[in-house]
Structures are given as C-alpha cells and as structure tokens.
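Peer 1: Build me a model from this:
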Amino acid sequence: MSVMNYNKLFPVVLTIFLVFLSSCNNEFSKYQKKDKNDLEENRLMGNVKSISRYYDGDLVDIDTYNKYGFITESIDYSDGEIVEKTNYTYNEFGKIARKETKNKTYHGVDITLFDEYGNVIEESTEIFEVYDANSDLAVGKRLDYTYENNYDKLGGLISSKCLRRDGSCLLEKRYNQHGNLSKVIEYDEDGSVKEYTDYTYRGNMLAEKKQTFPQNHLMYFVFHYDQYGNLVKWAQLYEDGSFDNIQEYIYDYKKHLVKVIEKSVVSYSWRSDLQIGDIVHHITLYDNDEHGSILKEIKTTYYPNEDISIPKEANEIKEFQYKYDNHGNVIYEKDNEGHEYKYEITYY
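Peer 2: Model (predicted):
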C-alpha cells in the first residue's frame, strides 16, 4: 500500500475505531443536565473524582465519581478490610440503570435494576456461596421485590408500587402533575395500611409533610419549610390537636442554622419537680463559620418554672474544628470529644 493510500485510509479506520469504542459504552452519551448530580446532593464542590473518609485514622469508606458528578463506586471498610462494595451503571441519558452491592457477610451480590427513567423495577439477591450453615440464605438468585411504575404520556411518573415476592404490595408512591411526591402508603403483610404520608406544596416547594399511623391514634408529623427549602418548623401531633414535640428552626441571612427552639411534653418524670404533661423547652444556639459548618453548639434546658427569656448556664457545649481545601470542601473535622475526621479528595 502506498503512503498516499494509507493516509487516505487512516482517518476512515480511526473513525470506525472511535465509533466502536463509543458503541461499547453509551453511558451519558445523550446526557443533558437538568437535576442535581450526586456531588451537588452531597454538597461537594469542584469536579471531584474521589473522596476517602477516615475516622480517628482508620479508613471508613471511599466514594468515586465520574466526570458528570455521579457516583460510580462506593466502598465501605472496617478494620482495614472491605465489608461492602457498590457499583453504579448509567444509561446514555445519565439515568441510573443498575446497582450491584457485594457484601462481606456472604459470597453474593444484591442487584437493583432501573428503567429508562431511572426508577427501580427490580431488586434481587444472587448468592454464590453461604458462609453460615444456619443462615436462611440459599445459593442461587432470589427475586426480592418488583416495582410497577405508571407514567403519563410525557414520561412523568404517576405512581409506583413495590411488590413482595408473593405479589402483595409493600409500598405505594403517588405523584402530582408536577412530578412531586404526593403520597406514600406502607402496607402490612395482611394488606392493611400501616402508615401513610401526605405531601403538600406551595408552588413547587414542599410546604407540609404529614405522616399518619392509623393504628396509633392517628398520630402524625407536620413539617414546614421556607421559600429556600429550609425546615422552619416540625411538630408531632395527635388527632385531638395536642402535641408531643414541636421544634422551630431559625436561620441567618446566609441561610445558616443559628437557633433551634424545642418544646416537648413530659411523658415520664425524671425530676421531682416535673409532672407528666409538663412542657420543657430546649434552646440550642449555633455558631457557624463562613461555609456554614457548626463551630459551637450551646444547649440550654428550661423547666416549667423557669423563664426562657432569662439567660442561664448551658447544659451542654460542643465545639468543632474544620479545615477546607481550595474548592471549599471539608478535609478535616474535630469534635468536642477529640474525634478526628479526615477527608482525602482528588479532582479531575
């Protein structure tokens, strides 16, 4: 073959080779960013490649991310050994397609499959070898749960049911016209409702979350959020309107938490001057650094005969230390008990 012909053929061969490579892995080939990626969900800044976490000098876990900010591998350690390893696979649109978790307790893998929209359709366990002869595990593949997902014409999720192996429903989720979760129903094995949660929204922001336990005097929880999505009030209520616990959250202009006011009803007396039904106030103050990390936590308890407007000696004071890298990510923490947390972060 002449040099001229080779030069004409080389670009064609290269193109074919590149097409072959791209066909072997279509992950993210049609990805268009619309929602938060895993880095953003975990409040990690910069194009993070991996993060290794240490607790008092011992390696705890390592998370690895791809260039699109999605986690691809997570490894948990104990005493220097891997106890669990999870790998994530994505489709061409950047939606998760498969998750595999290998655990030290048995030779096997937990497999979760997702549909084209990134919603779970199947959970199964495949056991290669059983360590414990007394275990109820058996070698082979076992289907644990299947999911029935219903979509509208535009591909928006309307509802999802999690079914047990016998076909009975364990959990049902329903969504509104904006794709926001509107109701979650958890069922007992006999088909009765164990618990349900209703979600209401102000525009597209979650305004209230109400959990109801039909078998427990209709006790429910109510959560209120501000326009930025920060929790501002939480209450545990009963059917008659009485409460068991109420917490209010106060933020500064940077949206950093600075104060929590908690009112709790005494259910049993641990002091001679307390009676069942009395209300105790817990006031917690927070000092934050410029990144929003808590440097000091001061907690004070006020009993029924004490005025919460009058300062008093704190019950508990916790102090923390932080160090950051050039991207603003935490690389070192130390709590008031002297425990140290170290984070080794690599970037693309």
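
Peer 1: When you work out contacts or count neighbours from here on, use the C-alpha atoms and nothing else.
Peer 2: Will do.

Peer 1: ok, and the closest residue to Ser78 other than its chain neighbours, which helix or strand is that part of?
Peer 2: Leaving aside its sequence neighbours, Ser78 sits nearest to Val60 (C-alpha to C-alpha, 6 or more residues apart in numbering; 6.5 Å). Here Val60, judged by DSSP states H and E, is contained in strand 58-65.

Peer 1: Pull out the buried positions in that strand.
Peer 2: Within strand 58-65, the residues that count as buried by 16 or more other C-alpha atoms under 10 Å are Leu59, Val60, Asp61, Ile62, Asp63, Thr64, Tyr65.

Peer 1: State the mean pLDDT of that strand.
Peer 2: Averaging pLDDT along strand 58-65 gives 98.

Peer 1: Now render the buried residues of strand 58-65 as a markdown table, adding distance to Gly191.
Peer 2: Below are the buried residues of strand 58-65 laid out as a markdown table (distance: C-alpha to C-alpha, whole Å):
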| residue | distance to Gly191 |
| --- | --- |
| Leu59 | 44 |
| Val60 | 40 |
| Asp61 | 39 |
| Ile62 | 40 |
| Asp63 | 39 |
| Thr64 | 41 |
| Tyr65 | 41 |
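
Peer 1: For the helix or strand where Tyr332 lies, which strands pair with it and how are they oriented?
Peer 2: Assigned by DSSP H and E, Tyr332 belongs to strand 330-334. Sheet pairing here is set by DSSP bridges, and for strand 330-334 it gives strand 321-324 (antiparallel), strand 340-347 (antiparallel).

Peer 1: what's the span of stretch 82-97 from first residue to last?
Peer 2: Using C-alpha to C-alpha, to the nearest Å, the end-to-end distance of stretch 82-97 comes out at 24 Å.

Peer 1: try stretch 131-139
Peer 2: 10 Å.

Peer 1: Could you check that stretch and say which residues are buried?
Peer 2: So stretch 131-139, judged by 16+ other C-alpha under 10 Å, has buried residues Leu137.

Peer 1: pLDDT of it, averaged?
Peer 2: Stretch 131-139 shows a mean pLDDT of 75.

Peer 1: what about the strands paired with strand 330-334, which gets the closest to Tyr106?
Peer 2: strand 340-347 (29.4 Å; C-alpha to C-alpha).

Peer 1: quick check: mean pLDDT across the closest one?
Peer 2: 98.

Peer 1: Same question for stretch 240-248.
Peer 2: 89.

Peer 1: Buried ones in it, by neighbour count?
Peer 2: Phe243, Asp244, Asn245, Ile246, Gln247, Glu248.

Peer 1: now swap in stretch 207-214 and tell me
Peer 2: For stretch 207-214, using 16+ other C-alpha under 10 Å, the buried residues are Ala207, Glu208, Lys209, Lys210, Gln211, Thr212, Phe213.

Peer 1: Mind putting the residues you listed into a markdown table with pLDDT and distance to Asp287?
Peer 2: Converted to a markdown table, those look like this (pLDDT from 0 to 100; distance: C-alpha to C-alpha, whole Å):
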| residue | pLDDT | distance to Asp287 |
| --- | --- | --- |
| Ala207 | 79 | 27 |
| Glu208 | 83 | 28 |
| Lys209 | 84 | 29 |
| Lys210 | 85 | 31 |
| Gln211 | 84 | 32 |
| Thr212 | 84 | 35 |
| Phe213 | 82 | 37 |
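
Peer 1: Save those as CSV, and put in secondary structure and distance to Asn91 too.
Peer 2: CSV is the format used below for the buried residues of stretch 207-214 (DSSP: H, G, I helix; E, B strand; the rest coil; distance: C-alpha to C-alpha, whole Å):
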residue, secondary structure, distance to Asn91
Ala207, strand, 33
Glu208, strand, 34
Lys209, strand, 32
Lys210, strand, 35
Gln211, strand, 35
Thr212, strand, 37
Phe213, strand, 38
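
Peer 1: Any chance of those in CSV with distance to Asp190 as columns?
Peer 2: As requested, the buried residues of stretch 207-214 are exported to CSV (distance: C-alpha to C-alpha, whole Å):
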residue, distance to Asp190
Ala207, 33
Glu208, 30
Lys209, 26
Lys210, 24
Gln211, 21
Thr212, 18
Phe213, 16
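
Peer 1: Between the residues you listed, which sits nearest Lys334?
Peer 2: Lys209 (34.3 Å).

Peer 1: Now the closest one. Nearest residue, chain neighbours left out?
Peer 2: Once chain neighbours are set aside, the closest to Lys209 by C-alpha to C-alpha, 6+ apart is Tyr199, at 4.7 Å.

Peer 1: what's near enough to touch the one you found?
Peer 2: Tyr199 is in contact with Leu181, Ser182, Lys183, Leu206, Ala207, Glu208, Lys209, Lys210, counting by C-alpha atoms under 8 Å, 6 or more residues apart in numbering.
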